[in-house]
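> Pasting the sequence and the predicted model now:
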Amino acid sequence: MMADDRQQNDHPRAGATRRRVLAAAALAPVLAGAPNPARALSAGETRGRSGALVKPVPTVLSDWTGVADVLGRTGDMKRGLMYHTGLPRRDLVVVSRGIVVKPALALGSHVSFVRYADGGTLVMGDVVVTECELQPFTDVLHEQGIAQTAIHKHLLSQSPDVWWVHIHAHGHDPVALARGLRAAFDRTGTPPPPPPSPVPPRPVDLDTAGIDAALGVKGTTDDGIYRSTFVRRETIADGGLVLPPGLGSTSAINFQPLGGGRAAVNGDCAMIAGEVQDVLVALRRAGVELVELHNHGLTDEPRLFFTHYWAVGDGVKLARGLRAALDATNVVPVAGAAGSG
């Protein structure tokens with residue numbers, strides 16, 4: 001019997017197994033004392049006991065008072081499910097292709113909180129940081145247990161260098177999530193919200209009726225930018241959570257007036273894999289420049305891809321060309337709604 005045991009232990013595979021067990025035992029005290037920050041939960045952890053996807057539940061603005069207090073600004077409700085807060089980088093003067101980019105065109109950081117039937121809260125967002133802010137901002141996210149799901153560009157040849165970071169976190173205390181976000185934002189130059197203006201916003205200098213007709217949706221005006229918004233028709237899930245329409249899956253087209261009906265256009269198109277090539281071809285045929293092709297999430301179902309693009313020209317003509325790209329995707333227009341990432 002002892003000889004048999006000795007032969008088994010002398011086998012190379014048995015020796016490797018023994019070494020792994022000993023290594024795990026040696027590491028156990030270290031791991032036991034390591035910090036365990038909050039993290040994005042896996043699909044298996046966030047699905048209900050039956051394995052079904054967990055659905056969002058409606059909330060109202062007053063449900064998010066604690067979050068607003070921590071973030072230092074009041075957000076708004078979108079589609080009755082998302083508490084959305086915009087944090088535009090009005091402190092930056094960014095130039096792309098010789099055009100000064102307005103914050104609402106491409107510099108609009110934002111975060112959205114959603115409550116779920118299991119009592120959990122999901123926060124997702126897209127944050128604008130300068131290149132010198134990127135690493136300190138990242139380090140605080142890691143310290144706070146907030147995941148990064150994408151780091152990329154929205155603009156071509158911009159000055160100063162600016163990056164966009166998609167963030168994702170899930171937990172049962174939305175105020176704690178907000179504190180983590182606030183700590184990260186405090187490592188950037190993101191300014192406080194401006195005081196309300198007593199002067200009503202002026203209409204944008206564009207043929208908005210022509211743009212609406214070309215795209216098949218009534219757009220909205222945000223800080224001098226005209227925006228057309230579309231959302232995916234499918235149910236999108238991420239980590240076992242059903243995402244509200246538009247959260248992390250918005251196709252948005254932003255028009256910055258340049259005078260004489262011309263516009264600088266910066267946008268984002270949400271696609272599944274089978275749509276990507278048709279969209280890229282349609283954009284180039286419309287004279288639109290491609291910026292990036294990437295993902296925003298890590299565990300989305302179906303898997304989504306996004307392309308950011310840039311164009312300058314007649315607003316209505318560009319809208320007609322962009323309509324061909326949108327028609328290659330499974331989206332539906334959302335009248336009078338701003339995008340949510």
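That came through, no problem. Numbers count the residues shown, from 1 in each chain.
> drop to CA atoms for contacts and neighbour counts, all remaining ones
Noted.
> residues in contact with residue 319?
211, 214, 215 (C-alpha atoms under 8 Å, 6 or more residues apart in numbering).
> The stretch 151-300 of the chain: strands as residue ranges?
Under the criterion DSSP state E, counting those that start in this stretch, the stretch 151-300 of the chain contains strands at 158-159, 162-171, 220-222, 225-232, 237-238, 241-242, 250-259, 262-271, 289-294, 300-301.
> and if you look at the stretch 1-150 of the chain?
So, for the stretch 1-150 of the chain - with DSSP E, counting those that start in this stretch - the strands run 76-78, 82-88, 94-96, 99-101, 108-115, 121-130, 147-152.
> Now render these as CSV, adding distance to residue 67.
What follows is those, written out as CSV (distance: least, C-alpha to C-alpha, whole Å):
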stretch, distance to residue 67
strand 76-78, 12
strand 82-88, 9
strand 94-96, 30
strand 99-101, 30
strand 108-115, 9
strand 121-130, 11
strand 147-152, 19
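> May I see those strands organised as a markdown table, with mean neighbour count and mean pLDDT added?
Output for the strands of the stretch 1-150 of the chain, formatted as a markdown table (neighbours: other C-alpha atoms under 10 Å; pLDDT from 0 to 100):
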| stretch | mean neighbour count | mean pLDDT |
| --- | --- | --- |
| strand 76-78 | 18 | 95 |
| strand 82-88 | 23 | 97 |
| strand 94-96 | 18 | 97 |
| strand 99-101 | 16 | 98 |
| strand 108-115 | 22 | 97 |
| strand 121-130 | 23 | 98 |
| strand 147-152 | 18 | 97 |
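> The spatially closest residue to residue 234 that is not a sequence neighbour: what's it in contact with?
Leaving aside its chain neighbours, residue 234 sits nearest to residue 330 (7.8 Å; criterion: C-alpha to C-alpha, 6 or more residues apart in numbering). By C-alpha under 8 Å, 6+ apart, the residues touching residue 330 are 232, 233, 234, 271.
> so how far is residue 309 from residue 330?
Separation of residue 330 from residue 309 (C-alpha to C-alpha, to the nearest Å) stands at 19 Å.
> How about residue 132?
When distance is defined by C-alpha to C-alpha, residue 132 is 24 Å away from residue 309.
> and if you look at residue 73?
30 Å.
> Quick check: residue 189 touching residue 88?
No - applying C-alpha atoms under 8 Å, one finds residue 189 not in contact with residue 88, separated by 10.6 Å.
> and the strands of the stretch 151-300 of the chain as TSV, adding mean neighbour count?
Output for those, formatted as TSV (neighbours: other C-alpha atoms under 10 Å):
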stretch	mean neighbour count
strand 158-159	16
strand 162-171	22
strand 220-222	18
strand 225-232	25
strand 237-238	20
strand 241-242	22
strand 250-259	23
strand 262-271	24
strand 289-294	17
strand 300-301	18
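> Now distance to residue 128 and mean pLDDT too, for those strands, in JSON lines please.
Formatted as JSON lines, the strands of the stretch 151-300 of the chain follow (distance: least, C-alpha to C-alpha, whole Å; pLDDT from 0 to 100):
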{"stretch": "strand 158-159", "distance to residue 128": "13", "mean pLDDT": "94"}
{"stretch": "strand 162-171", "distance to residue 128": "5", "mean pLDDT": "97"}
{"stretch": "strand 220-222", "distance to residue 128": "18", "mean pLDDT": "93"}
{"stretch": "strand 225-232", "distance to residue 128": "18", "mean pLDDT": "97"}
{"stretch": "strand 237-238", "distance to residue 128": "23", "mean pLDDT": "96"}
{"stretch": "strand 241-242", "distance to residue 128": "25", "mean pLDDT": "97"}
{"stretch": "strand 250-259", "distance to residue 128": "16", "mean pLDDT": "97"}
{"stretch": "strand 262-271", "distance to residue 128": "15", "mean pLDDT": "98"}
{"stretch": "strand 289-294", "distance to residue 128": "16", "mean pLDDT": "97"}
{"stretch": "strand 300-301", "distance to residue 128": "22", "mean pLDDT": "96"}
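> First-to-last residue distance for stretch 85-92?
With C-alpha to C-alpha, one end of stretch 85-92 sits 19 Å from the other.
> Residues touching that stretch, excluding its own?
73-76, 103-104, 107-112, 128, 189-193.
> same thing but 6 Å
75, 103, 107, 108, 109, 110, 111, 190 (C-alpha atoms under 6 Å, 6 or more residues apart in numbering).
> What of stretch 254-268?
105, 205-206, 225-227, 251-253, 307-315.
> ok, which stretches of the stretch 1-150 of the chain are helices?
Secondary structure of the stretch 1-150 of the chain (DSSP state H, counting those that start in this stretch): helices at 2-10, 12-33, 43-46, 65-71, 103-106, 131-143.
> Mean confidence (pLDDT) on the third one, please.
By that I understand helix 43-46. Computed over helix 43-46, the mean pLDDT rounds to 43.
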